[in-house]
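heads up, no residue letters with this:
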């Protein structure tokens, strides 16, 4: 008959082989560890890492429960998730008493199948019965205590990277730690509250519209509905040319309708009552790696112009009060009218009077790409030769590079001769504001990840591309387990920091070309362009699970986070983005419910 010690060794080896891991361990509640590795010749550094990882499992919320849970090493900034160790552990119970843990270690974390889960549970049950009968003590010969250093059987040929940074001296005795309460989510309940993005967009006094390069409206805030009499849901998906009109026979492309610097251009908006409303539209084209070419524009009701009542104010004072630079030259290129801002916006001293001087071709003015602007291509030169220049993008070089818009056209002077008018406008602040609004419209304000709008638009474009060129994409849906407990116990500020850390870890675990989105609350989605390589998506999920399960250090607190993960592969021929997202959500909840049912059956 085998001794209790032999049965312990056999149980550890069976656990290792059952889950095809590189090693397995048994750890007592006092931190004594025994492990078996598939390659004992590399016991040195690897064995010490396994021991530290096993002891850190004792701190996890699931350590005193009844079902398997996951844990992983804490990674350094320059370490890869592929090199770190992770484990699945199952509590050992001697009757009602918690005695320790049985775990399997490897460099990746697959989801346990039913045979593996039941096998581990049976092994822990057998060990628990030995402990309860007094035949086995999880300490003594063959076990390393917390004060002992793991000794290598032979010198390792290579030192595995990814040494954990857990301070063992800071690990409290587990008997003194009260088991954390578990909190369950009601599947029908969703986190409530309006995020920063919703607040900003909802309170914009102007309408905000985002379109793809083909003119399809992909976002519209409530102010657009106030102007048009339509709900934003009625506007999404239609062509912007059906909403805004520039006149019969005019260009109806998105760039023509929307890409105009402040104060923009006057257009007619279609209203729900059949009438048209005059609106002022200013916007820009924006290129994103995720969205591609798109347009963002602000819409406001155009004000009726009224004559200015004069009160003896001179023309020069009026011109100097303008934010735009105004220059008028005669046919020979001599400046006859210029205000103060015209000098400043060309990099010239603001108090320099240009009147009577040849037009100054400032070397500080550059083309939109930053290259030098030659005299021949200067808007003033082209206007003097009869060309109308509309809203040309320029840059003003210097310590604080500024973005300008220049417009110029031939201009008839009082004596009947033809000169030229140049208007320069500084649009730096406007471009920064529009870029920020664009970011807000398409990203989660807390984590900076893509939001639902950006994710769905990305999926729509990718699925269309795959229909014509082939390919496939997998959608991974993650829901953090018991996250409400962190908010309730430590506060929402700590919870927000955990969400930000989770988002960073997920991004670090996937390819840079994959899209990581936060849908709100504690739900995250990864859009992974899959190859035909078998097991690729399982490897991606394993890396995500490993990075998430490592402990989180937030404001002096060591926190544990796990996630329920479900994934589906898209069928580009018969699926739209919304249906794909719903399928991934259902698959996640199916797996989560299956785990709960298995835990209840095991208890």
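Yep, it's here. Because the structure is a prediction, the values reported are computed rather than measured.

ok, how many other residues are close to the closest residue to residue 114 other than its chain neighbours?
Spatial nearest neighbour of residue 114, excluding adjacent residues (C-beta to C-beta, 6 or more residues apart in numbering): residue 598 at 7.9 Å. C-beta here means a position set from N, CA and C on the backbone, and glycine is covered the same way. The burial count assigned to residue 598 is 17, neighbours taken as other C-beta atoms under 10 Å.

surely residue 598 is in a helix?
Yes - according to DSSP: H, G, I helix; E, B strand; the rest coil, residue 598 belongs to a helix.

in stretch 271-290, what counts as buried?
Neighbour counts over stretch 271-290 (16 or more other C-beta atoms under 10 Å) mark 277, 279-284, 286 as buried.

which of those residues fall within helices?
Nothing among these maps onto helices, per DSSP state H.

residue contacts, the residue nearest to residue 114?
67, 114, 117 (C-beta atoms under 8 Å, 6 or more residues apart in numbering).

and which of the buried residues of stretch 271-290 is nearest residue 258?
The closest of the buried residues of stretch 271-290 to residue 258 turns out to be residue 283 (C-beta to C-beta; 4.1 Å).

is the closest one bridged to anything, and to what?
Counting by DSSP bridges, residue 283 is bridged to residue 297.

show the pLDDT at it.
pLDDT, residue 283: 88.

give me the domain ranges for the chain.
Domain ranges of the chain: 4-176, 206-301, 315-432, 446-602, per automatic domain parsing.

so for the last one, mean pLDDT?
Per-residue pLDDT values over domain 446-602 give a mean of 88.

gap between it and the chain center?
Relative to its parent chain, domain 446-602 has a centroid offset of 11 Å by C-alpha atoms, centre = their mean, to the nearest Å.

from residue 8, how far out is the spatially most central residue of the chain?
When C-alpha atoms, centre = their mean is applied to the chain, the residue found nearest the centroid is residue 449 (1.5 Å). For residue 449, the distance to residue 8 (C-beta to C-beta, to the nearest Å) stands at 46 Å.

my read: residue 507 touches residue 516, true?
Yes - between residue 507 and residue 516 there is a contact at 5.1 Å, judged by C-beta atoms under 8 Å.

give me the phi and psi for residue 130.
When read as degrees, to the nearest 10, the backbone of residue 130 gives phi -70, psi -40.

also residue 582?
phi -60, psi -40.

kindly report the same for residue 434.
With angles defined as degrees, to the nearest 10, residue 434 sits at phi -70, psi -40.

how many neighbouring residues does it have?
Residues lying near residue 434 (other C-beta under 10 Å) number 21.

who's in contact with it?
Counted by C-beta under 8 Å, 6+ apart, residue 434 has contacts 283-284, 286, 296, 298.

which two of those residues have the greatest separation?
286 and 298 (13.2 Å).

for residue 219, give the beta-bridge partners.
residue 210.

pLDDT score assigned to it?
For residue 219, pLDDT reads 82.

that one: what's it in contact with?
The contact partners of residue 219, taken as C-beta under 8 Å, 6+ apart, are 208-210, 236, 441-442, 453.

hmm, try it at 10 Å
Counting by C-beta atoms under 10 Å, 6 or more residues apart in numbering, residue 219 makes contact with 201, 208-211, 232, 235-236, 294, 296, 438, 441-442, 453-454, 457.

which of these fall within helices?
Using DSSP H, the members of the contacts of residue 219 that fall within helices are 201, 232, 235, 438, 441-442, 453-454, 457.

include neighbour count and distance to residue 148 when you put the residues you listed into TSV, please.
Below are the ones in helices among the contacts of residue 219 laid out as TSV (neighbours: other C-beta atoms under 10 Å; distance: C-beta to C-beta, whole Å):
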residue	neighbour count	distance to residue 148
201	19	60
232	19	65
235	20	69
438	21	58
441	21	58
442	25	54
453	18	56
454	21	52
457	22	57
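
which helix or which strand is home to residue 267?
Element membership for residue 267 (DSSP states H and E) is strand 265-270.

how far is that strand from where the chain is centred?
Distance, stretch centre to chain centre, for strand 265-270: 35 Å (C-alpha atoms, centre = their mean).

one more: stretch 444-460?
Counting by C-alpha atoms, centre = their mean, stretch 444-460 comes out at 7 Å from the chain centroid.

compute the first-to-last residue distance for that stretch.
Using C-alpha to C-alpha, to the nearest Å, the end-to-end distance of stretch 444-460 comes to 19 Å.

before we move on, back to that, who does the strand holding residue 267 pair up with?
Looking at strand 265-270 with DSSP bridges, its partner strands are strand 244-245 (antiparallel), strand 276-288 (antiparallel).

from the contacts of residue 434, pick the one nearest residue 326.
Using C-beta to C-beta, residue 284 is the member of the contacts of residue 434 that lies nearest residue 326, at 23.3 Å.

thinking that closest one is in contact with residue 435, fair?
Yes - when contacts are counted by C-beta atoms under 10 Å, residue 284 is listed as touching residue 435 (8.4 Å).

which neighbours do these two have in common?
The contact sets of residue 284 and residue 435 overlap at residue 296 (C-beta under 10 Å, 6+ apart).

contacts for the strand holding residue 267 next, please.
If you take C-beta under 10 Å, 6+ apart as the criterion, strand 265-270 is touched by 207, 224, 227-230, 242-247, 250, 256-260, 275-283, 297, 299, 301-302, 390-391.

hmm, back to that, adding distance to residue 124, write the ones in helices among the contacts of residue 219 out as TSV.
Listed next are the ones in helices among the contacts of residue 219 as TSV, based on distance: C-beta to C-beta, whole Å:
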residue	distance to residue 124
201	52
232	55
235	58
438	53
441	51
442	48
453	47
454	45
457	48
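
pLDDT weak spots in the stretch 51-200 of the chain?
Of all residues in the stretch 51-200 of the chain, those with pLDDT under 70 make up the ranges 75-81, 109-110, 151-198.

what are the boundaries of the helices in it?
Remark: helices assigned in the stretch 51-200 of the chain by DSSP state H, counting those that start in this stretch are 114-133, 196-202.

what helices or strands is the first one leaning on?
Spelled out, it's helix 114-133. Counting contacts by 3 or more C-beta pairs under 10 Å, 6 or more residues apart in numbering; DSSP states H and E, helix 114-133 packs against helix 4-18, strand 23-28, strand 86-94, strand 97-106, helix 577-602.

if we use 7 Å, what do you get?
helix 4-18, strand 86-94, strand 97-106 (3 or more C-beta pairs under 7 Å, 6 or more residues apart in numbering; DSSP states H and E).

I appreciate the help and will end here.
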